[in-house]
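Q: generate a structure from the sequence data that follows.
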Amino acid sequence: MIRRKIPYALKKHCLVMMLAGVAMTAALPAIAQRKPNIVLVYTDDLGYGDLSCYGAKNINTPNIDRIAKSGTRFTNAHATSATCTPSRFSLLTGTYAWRKKGTGIAPGDAALIIPVDKVTMPSLLQKSGYTTAVVGKWHLGLGPKGGPDWNSEIRPGPLEIGFNYSFILPATVDRVPCIYVENHRVLNLDTSDPITVSYKVKIGNWPTGKENPELLKMKPSHGHDQTIVNGISRIGYMTGGKSALWTDEDISDVIISKSIKFINENKSKPFFLLVTTHDIHVPRVPHPRFAGKSNMGPRGDVILQLDDAIGTILNTLDRLKLTENTIFIFTSDNGPVVDDGYRDDAVEKLNGHKPAGPLRGGKYSSFDAGTRVPFIVSWPAKIKPGGISDVLFSHVDLLASLGKLTGQSLKKDEAPDSFEMSGTLTGEKPMERPFLVEHANSLSLIRGNWKYIEPSPGPALSKEVNIETGNNPAPQLYDLGNDIGEKNNLSTSKPALVKELSTLLQNIRDQKMNR
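A: Numbers count the residues shown, from 1 in each chain. This is a model prediction of the structure:
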């Protein structure tokens, strides 16, 4: 046998290549096992027709459109309620809010309404090894029964239901207290100037919109005439905590900067970030960078501000090379409202823009504009770009679906209304939801193309916000496949179907029918 002498340089090259191959092989399982990051952006009061990717002509939202181009835009996805607190409760718990008392629109001093001993979206993801955070609007109450002590440790709250980090606005920006809470404490609070809040009687000597309208930079159209903060009168009374007060114009920037900080700090491990924007809820006070840029008044300006904020998050994920393996979900907590309590020219400057698109109703309404919302999902590693899905989907399904995608399953009594729809999110195995319940003043049921609205008392039109409520003492039945605007009530011509859907809704209400 002839032995050939291998040159040293070749030996060294082979050794390097072999070691590199071993290193790459060792790294493959880690890459394959790395769970996707999850960013869920939950906007406020954004309508089905408010985005250019959903057909808006008078406003351009290029960054949100980027998500749709890289993933799937859903045309039949729904929040569970036509108002914010119950929608958020359902999103995080996988349970319809109307099943639990005390889940209506919460005052700013409400106690935590989510049970700390039940599974939640963040607690389920924590079990999968995720670091979890919520940044932005909360509006699910804080503290024990009786509400929080703003001047001490505030618990229970987000950290007690599964978040590792929280930076929140306690309620809505049109409600006091007008402060940020980071984890368990009010941010920048001077203990010598304690915060007091009341939703029952006036406290302290701070001016109010009702008594001192000359101090306002934005006047209320209805309600919203109590304590003035930053030239805007709010719902509720507050005194103290001057060093902790937010500035409305900066809220979007603060929320996004905290979100970016969290992403940077957790880029090397799986994270779940829930970004709950204030925009485009009232009061609409855009940063000077966006004021006057939409030609649609402050409501249009804050849509541009929202789109820019989304672009900042997307660019951060790109810069950190996280985009490919990040599930990015963009949606809204309920449908649109134009005048929701402040004179901000939103009505006067619509200029033909239709916030609800082809849908009837809006926020607070049983008609579909109350709950059918923009819903876009991107995950470049799994989801094909540019897709459009008309599959029926509900926000309440996200808990079970994200659990499945991250290796977690639910017990029978956990998140009872959450259907596992991961194949629908990815497009790999779309599954029609067998039925869906919507919640406003009354309950509605969608099954296939049919929508049944149960009889309900009350006015057909909310004069304050100029939105059709959907209230009707008689049952309503609509064929959404041919009548997306819910104009033709077919209940009298199809009594058997009305009875069938009414019975199904009652069974769901009685918990005889869920997932």
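
Q: just for this structure, where's the confidence low?
A: 1-33 (pLDDT under 70).

Q: how about the helices in it?
A: With DSSP state H as the criterion, the chain has helices at 8-33, 62-70, 84-93, 121-127, 251-265, 297-319, 398-405, 422-426, 495-509.

Q: so which of those has the densest surroundings on average?
A: Of those, the one with the most neighbours on average (mean count of other CB atoms under 10 Å) is helix 84-93, at a mean of 27. (Glycine included, C-beta is placed from N, CA and C.)

Q: helices or strands next to that one in the packing?
A: For helix 84-93, the helices and strands in contact under the criterion 3 or more CB pairs under 8 Å, 6 or more residues apart in numbering; DSSP states H and E are helix 121-127, helix 398-405.

Q: quick check: angle from the last one to helix 84-93?
A: Orientation note: helix 398-405 sits at an angle of 20 degrees relative to helix 84-93 (axes from the mean of the first three to the mean of the last three CA atoms, to 10 degrees).

Q: which secondary structure elements does helix 398-405 sit against?
A: Counting by 3+ CB pairs under 8 Å, 6+ apart, the packing neighbours recorded for helix 398-405 are helix 84-93, helix 121-127, strand 326-332, helix 422-426.

Q: for the second one, name the packing helices and strands.
A: On a contact count with 3+ CB pairs under 8 Å, 6+ apart, helix 121-127 meets helix 84-93, strand 131-137, strand 271-276, helix 398-405.

Q: one more pass at 10 Å, please.
A: strand 37-43, helix 84-93, strand 131-137, strand 271-276, helix 398-405 (3 or more CB pairs under 10 Å, 6 or more residues apart in numbering; DSSP states H and E).

Q: pipe these into CSV and attach distance to Asp417 per row.
A: Shown next, in CSV, are the helices and strands packed on helix 121-127 (distance: least, CB to CB, whole Å):
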stretch, distance to Asp417
strand 37-43, 18
helix 84-93, 7
strand 131-137, 21
strand 271-276, 19
helix 398-405, 9
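
Q: possible to save the helices and strands packed on helix 398-405 as JSON lines with distance to Asn351?
A: Shown next, in JSON lines, are the helices and strands packed on helix 398-405 (distance: least, CB to CB, whole Å):
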{"stretch": "helix 84-93", "distance to Asn351": "27"}
{"stretch": "helix 121-127", "distance to Asn351": "38"}
{"stretch": "strand 326-332", "distance to Asn351": "22"}
{"stretch": "helix 422-426", "distance to Asn351": "35"}
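
Q: between these, which one is nearest to Val498?
A: Closest approach to Val498 among the helices and strands packed on helix 398-405 is made by helix 84-93 (25.5 Å; CB to CB).

Q: residues of stretch 469-487 that come out buried?
A: Neighbour counts over stretch 469-487 (16 or more other CB atoms under 10 Å) mark 469-472, 475-478, 480, 484-486 as buried.

Q: quick one, what contacts the closest residue to Ile484 other than its chain neighbours?
A: Distances taken as CB to CB, 6 or more residues apart in numbering put Pro358 closest to Ile484, at 5.4 Å, once the chain neighbours are dropped. Listed by CB atoms under 10 Å, 6 or more residues apart in numbering, the contact partners of Pro358 are 48-49, 54-55, 368-369, 484-485.

Q: just send those back as TSV, with distance to Ala309 too.
A: Below are these laid out as TSV (distance: CB to CB, whole Å):
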residue	distance to Ala309
Tyr48	20
Gly49	20
Tyr54	18
Gly55	22
Asp368	27
Ala369	24
Ile484	30
Gly485	31
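
Q: need the buried ones from the residues you listed selected in PyMOL.
A: Buried residues within those, by 16+ other CB under 10 Å, are selected in PyMOL with:
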select buried, resi 48+49+54+368+369+484+485
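
Q: out of the contacts of Pro358, flag the one nearest to Ser233.
A: Ala369 (28.3 Å).

Q: the closest one touches Gly49, doesn't it?
A: Yes - counting by CB atoms under 10 Å, Ala369 sits close enough to Gly49 to count as a contact (8.6 Å).

Q: list residues touching both of the two?
A: 335-336, 354-359.

Q: just the buried ones from these?
A: Applying a neighbour-count criterion of 16+ other CB under 10 Å, the buried members of the shared contacts of Ala369 and Gly49 are 335-336, 354-357, 359.

Q: most widely separated two among these?
A: Greatest spacing in those, by CB to CB: Gly335 and Lys354 (11.9 Å).

Q: what do the two both touch?
A: Going by CB under 10 Å, 6+ apart, residues that sit against Gly335 and also against Lys354 are 47-50, 369.

Q: got the residues you listed as a markdown table, with distance to Ser294 columns?
A: Formatted as a markdown table, the entries for these read as follows, by distance: CB to CB, whole Å:
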| residue | distance to Ser294 |
| --- | --- |
| Gly47 | 15 |
| Tyr48 | 18 |
| Gly49 | 15 |
| Asp50 | 11 |
| Ala369 | 21 |
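
Q: strands - which of the residues you listed land there?
A: Secondary structure of these is defined by DSSP state E; no position falls in strands.

Q: quick check: the two most widely separated of those?
A: Asp50 and Ala369 (11.0 Å).

Q: spit out the residues that contact these two alike.
A: Contact with both Asp50 and Ala369 is made by residues 335-336, 354-357, according to CB under 10 Å, 6+ apart.

Q: out of the residues you listed, which one sits closest to Leu501?
A: Minimum separation from Leu501 among those (CB to CB) is found for Gly335, which lies at 22.1 Å.

Q: ok, that closest one touching Ile280?
A: No - between Gly335 and Ile280 no contact is recorded; they are 11.7 Å apart, counting by CB under 10 Å.

Q: which residues do the two both contact?
A: 45-47, 50, 355.

Q: just put these in a markdown table and tack on distance to Asn325.
A: What follows is the shared contacts of Gly335 and Ile280, written out as a markdown table (distance: CB to CB, whole Å):
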| residue | distance to Asn325 |
| --- | --- |
| Asp45 | 31 |
| Leu46 | 27 |
| Gly47 | 31 |
| Asp50 | 29 |
| Pro355 | 34 |
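
Q: strands along the stretch 401-515 of the chain, start to end?
A: 436-439, 443-447, 450-453, 461-462, 467-468, 476-479 (DSSP state E, counting those that start in this stretch).

Q: out of those strands, which is the most enclosed?
A: Using mean count of other CB under 10 Å, the stretch among the strands of the stretch 401-515 of the chain with the greatest mean number of neighbours is strand 436-439 (a mean of 24).

Q: who are the packing partners of that strand?
A: Taking 3+ CB pairs under 10 Å, 6+ apart as the contact definition, the neighbouring helices and strands of strand 436-439 are strand 77-78, helix 84-93, strand 393-394, strand 443-447, strand 450-453, helix 495-509.
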